[in-house]
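In: Give me a 3D structure for the following:
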Amino acid sequence: MRTPLVVVTGVEATAMDTTMMSLSWDLPRAVVVRHRIDPHSQVLSRVVSDATGVLEHEQVQLEHACVGCALREDILPTLERLARDGRWSAIVSGLPTGTEAGQLAHALTSDARLARRIKLSSVVAALGGDDVVRDLLSDTLLRERDAHTNPDDDRGVGEVACAQVELADLVVLGGRADTGARDLVRALARPDADVVPDPADLDPTTIASQRHQPTRAGAWLSPDLHTELPALQGGSAWRLDLCSPRPFHPERLLDQIERLGTGRFRSRGSFWLPTRPGVQLEWSGAGGQLSIGSLSPWGRRTPVTRLVLTGLGTVPDDLAPAFEDILLTPTEALLDPRSWTVREDGLEPWLGDIRDAA
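Out: Numbers count the residues shown, from 1 in each chain. Next comes the predicted model:
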């Protein structure tokens with residue numbers, strides 16, 4: 001008999017704790033485990049509790065204050081141990097603040113030993129009430145809120161919060177989110193994900209009885225953006241789907257990246273460069289913070305440049321022209337591919353050496 005597991009993520013500790021409390025109160029014989037990482041001391045703390053009170057309060061010195069080490073050294077072993085115990089009918093797990101659940105979900109579905117003991121029922125993204133839009137479209141760094149996971153963690157709050165919402169089976173708002181915030185969350189979340197306006201409205205029994213669908217979640221998260229984008233609900237959010245078979249011009253991308261990479265919107269997708277024609281490159285940003293990197297070889301796929309931008313209010317009218325300006329012009333696209341064979345294109349700090357990408 002596998003033990004259902006509900007995983008809670010977030011960038012704001014209070015919102016996470018409130019959601020976990022609501023889940024545990026209405027789940028019969030549930031055990032709750034909350035992990036936190038101190039990025040300064042590299043200490044992982046673990047608190048385990050159930051209806052009788054606190055059962056464990058331990059600290060683990062990590063080799064590195066990172067999510068991978070935390071999962072390997074304590075989070076996954078603890079979840080397996082609680083599932084094996086047999087005293088509880090469900091586990092509610094709160095990951096360290098600022099942690100995405102993708103690595104945990106992958107481990108639970110790919111490790112046969114864990115899969116025999118634990119059923120990942122639902123991944124939950126918990127958002128604060130009045131700060132939903134700020135969290136999702138913020139240019140603040142996690143370290144500025146002391147919500148980072150290690151001393152070198154330079155991720156933005158918005159990028160992490162958006163990724164958590166996009167992976168989630170269920171998004172919980174804090175009870176004070178306005179119509180605009182709800183429309184934005186609905187635009188970012190997977191089409192079949194539930195959006196609950198208040199933790200008090202949760203149905204924990206139903207949530208624990210469900211099953212996380214990694215294939216469906218992976219398709220929505222994929223930079224390939226092959227999943228059909230549903231029509232937007234409500235009138236507050238906007239979405240811009242920018243697509244071209246042409247690559248970005250490497251010099252213009254460097255010079256003009258802020259035109260597409262900054263602003264109060266979420267952007268994600270993939271692109272290619274004529275200087276690195278065999279490599280699919282990932283684009284992920286929110287609120288002015290942007291990450292680009294090498295994703296995988298294109299292989300037999302036809303390279304394409306496609307970005308989906310999502311925001312609130314009025315669509316900025318300079319985004320589509322910026323996209324077109326950074327692309328190779330039709331004339332440039334007809335040049336001999338060998339003319340783009342260069343040793344450097346200026347993007348090495350983010351994408352690595354060209355010879356390594358070939």
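
In: Test my guess that Leu347 contacts Asp255.
Out: No - Leu347 is beyond contact range of Asp255, at 11.8 Å (criterion: Cβ atoms under 8 Å). Heads up, the C-betas are built off the backbone N, CA and C, glycines and all.

In: Which one's more surrounded, the two?
Out: Taking other Cβ atoms under 10 Å, Leu347 and Asp255 do not tie; Leu347 has more neighbours (21 against 13).

In: Spatially nearest residue to that one (excluding sequence neighbours)?
Out: Pro250 (6.0 Å; Cβ to Cβ, 6 or more residues apart in numbering).

In: show me the residues around that neighbour that make contact.
Out: Leu273, Pro274, Thr275, Asp345, Gly346, Leu347 (Cβ atoms under 8 Å, 6 or more residues apart in numbering).

In: can you redo the residues you listed as a markdown table with pLDDT and secondary structure?
Out: A markdown table is the format used below for the contacts of Pro250 (pLDDT from 0 to 100; DSSP: H, G, I helix; E, B strand; the rest coil):
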| residue | pLDDT | secondary structure |
| --- | --- | --- |
| Leu273 | 97 | strand |
| Pro274 | 96 | coil |
| Thr275 | 95 | coil |
| Asp345 | 92 | coil |
| Gly346 | 91 | coil |
| Leu347 | 93 | coil |
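
In: Could you pull up the contacting residues of the closest residue to Thr305 other than its chain neighbours?
Out: Distances taken as Cβ to Cβ, 6+ apart place Phe271 nearest to Thr305, at 4.2 Å, with adjacent residues excluded. Neighbour list for Phe271: Pro247, Phe248, Leu281, Trp283, Thr305, Arg306, Leu307 [criterion: Cβ under 8 Å, 6+ apart].

In: Can you report how many residues lie near Arg190?
Out: 20.

In: residues in contact with the residue nearest to it when sequence neighbours are not counted?
Out: Leaving aside its chain neighbours, Arg190 sits nearest to Trp220 (4.4 Å; criterion: Cβ to Cβ, 6+ apart). Taking Cβ under 8 Å, 6+ apart as the criterion, Trp220 is in contact with Glu166, Arg190, Pro191, Thr227.

In: which among the contacts of Phe271 gets closest to Cys162?
Out: Trp283 (12.9 Å; Cβ to Cβ).

In: From Phe271, how far off is the closest one?
Out: With distances taken as Cβ to Cβ, to the nearest Å, Trp283 is found 6 Å from Phe271.

In: Now do the shared contacts for the two.
Out: Common neighbours of Trp283 and Phe271 (Cβ under 8 Å, 6+ apart) are Leu307.

In: Go through this protein and flag its longest strand.
Out: strand 276-286 (DSSP state E).
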